[in-house]
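>>> how would this look folded up:
(one chain, ligands or ions: 2)
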Amino acid sequence: MEIVVLGAGSLGSLVGGLLAGAHDVTLVGREPHVEAIEADGLEIRGEYDRRVFLRATAEGEGLAADCAVVTVKSFDTPDAAHVLATGEYGAVISLQNGMGNEAVLAGHHDTVLAGTATYGAVRREPGVVDCTGRGEVVLGAPGGGRSSMADRVGEAFRSAGLETTVAADMPRRLWAKLAVNAGINAVTALARVENGAVLEAPAEELVRAAARETARTARAHGVDLSNREAIAATERVADRTAGNESSMRQDVENGRQTEIDAINGYVVDRAEDASVAAPTNRLLAGVIRTWERGRKLR
Ligand SMILES: NC(=O)c1ccc[n+]([C@@H]2O[C@H](COP(=O)([O-])OP(=O)(O)OC[C@H]3O[C@@H](n4cnc5c(N)ncnc54)[C@H](O)[C@@H]3O)[C@@H](O)[C@H]2O)c1
Ligand SMILES: CC(C)(CO)[C@@H](O)C(=O)[O-]
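Ligands and ions are numbered 1, 2, ... in the order given. Down below sits the predicted model:
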């Protein structure tokens, strides 16, 4: 399969590098990363130890492929959608965190798939990505149900050795992942703690409240996610990634824009639409946004 990965940062480089084992992959990213990959290939470290030779470019316009995999941060999705609209793709799939990405992409593309990824990736230096944890990709039709394109893309991912599930209940899975991120990310970013700290008092209570509000909001929008499932998923991920720094903590520590609008901010907006209370998500979003506005972001 021909695959374009738009957003060759941490996750995009890892996923694209692994997909290149079985497919014709082009990474679209920024200099100097793409130049290093063009010159010496992509080095994958950590859980994998391999050097992969694949195309990399900083010019994403006008490309064509069976599938485009979107791995930019959620605040860059509108720009990514415009870039992809200049090319030809059989399907566009988001593997991003946060919510709303598929809706933005669907404004420009007929066939959009939703996805979640629990692989851990950190781009260490130009041409080098570290896999900090093997995980899973789950993908499917954004509105739920079966999709022959999702089956095709899922098979392509699997044939490259990525652990992949094709799911018919993506709305539920996306909201469950949202609860995990709404619970863990802002609290660990604000308190500068590793993910495991949210399993203990006093963070535990905050994190459970954020996950519970997310589940309540999901149900108000017709998605069957219980409070118990949302809290259990959040605690399971915090336990499994106990020693990790969440992406939002890394963003805050590096003075970078966060994905708060697509995570706690999204919960607040959708809760408001449905007249559901989401005070913990509102507080967490408010404090992170205050930090973003008060800093000169990179
Ligand atoms: N890193 C992880 O382990 C991980 C795991 C699961 C999910 N995610 C999610 O995946 C998404 C990406 O995360 P990341 O950590 O890889 O971020 P990142 O910042 O490392 O990578 C995104 C890259 O996309 C590039 N980019 C943005 N717009 C572009 C454009 N128009 N053309 C070319 N390049 C462009 C950026 O310069 C950046 O290098 C986020 O939504 C994140 O939450 C990340
Ligand atoms: C699951 C998660 C919170 C683990 O660190 C990750 O999605 C992140 O850091 O955003």
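>>> Could you name the helices and strands sitting against the helix or strand hosting G115?
Using DSSP states H and E, G115 maps to strand 112-117. If contacts are counted by 3 or more C-beta pairs under 8 Å, 6 or more residues apart in numbering; DSSP states H and E, strand 112-117 sits against strand 88-94, helix 101-106, strand 137-140, helix 148-159, helix 170-191. For every residue, glycine as well, the C-beta is placed using N, CA and C.
>>> Check whether that strand comes near ligand 2.
No. Residues of strand 112-117 are not located near ligand 2 by C-beta under 6 Å from any ligand atom, the shortest gap being 8.6 Å.
>>> Can you name the next helix or strand after that strand?
strand 120-125.
>>> Centre of the chain to that next one, how far?
14 Å (C-alpha atoms, centre = their mean, to the nearest Å).
>>> wait, which of the helices and strands packed on strand 112-117 is closest to A58?
When these are compared by C-beta to C-beta, strand 88-94 sits nearest A58, at 18.7 Å.
>>> mind checking how far that closest one is from the chain centre?
Per C-alpha atoms, centre = their mean, the centroid offset for strand 88-94 relative to its chain is 16 Å.
>>> Quick one: low-confidence residue ranges for this structure.
For the chain, applying pLDDT under 70 flags the ranges 297-298.
>>> need the residues of it near ligand 2, please.
Contact residues, the chain versus ligand 2 (C-beta under 6 Å from any ligand atom): N97, V180, N181, I184, N185, N195, V237, T241, N244, S246, S247.
>>> counting contacts, what elements does whatever helix or strand R219 lives in pack onto?
R219 is part of helix 203-220, with elements assigned from DSSP H and E. Contacts defined by 3+ C-beta pairs under 8 Å, 6+ apart place helix 203-220 against helix 170-191, helix 227-240, helix 264-273, helix 279-294.
>>> which residues sit in contact with G41?
R51, V52, F53, L54, G127 (C-beta atoms under 8 Å, 6 or more residues apart in numbering).
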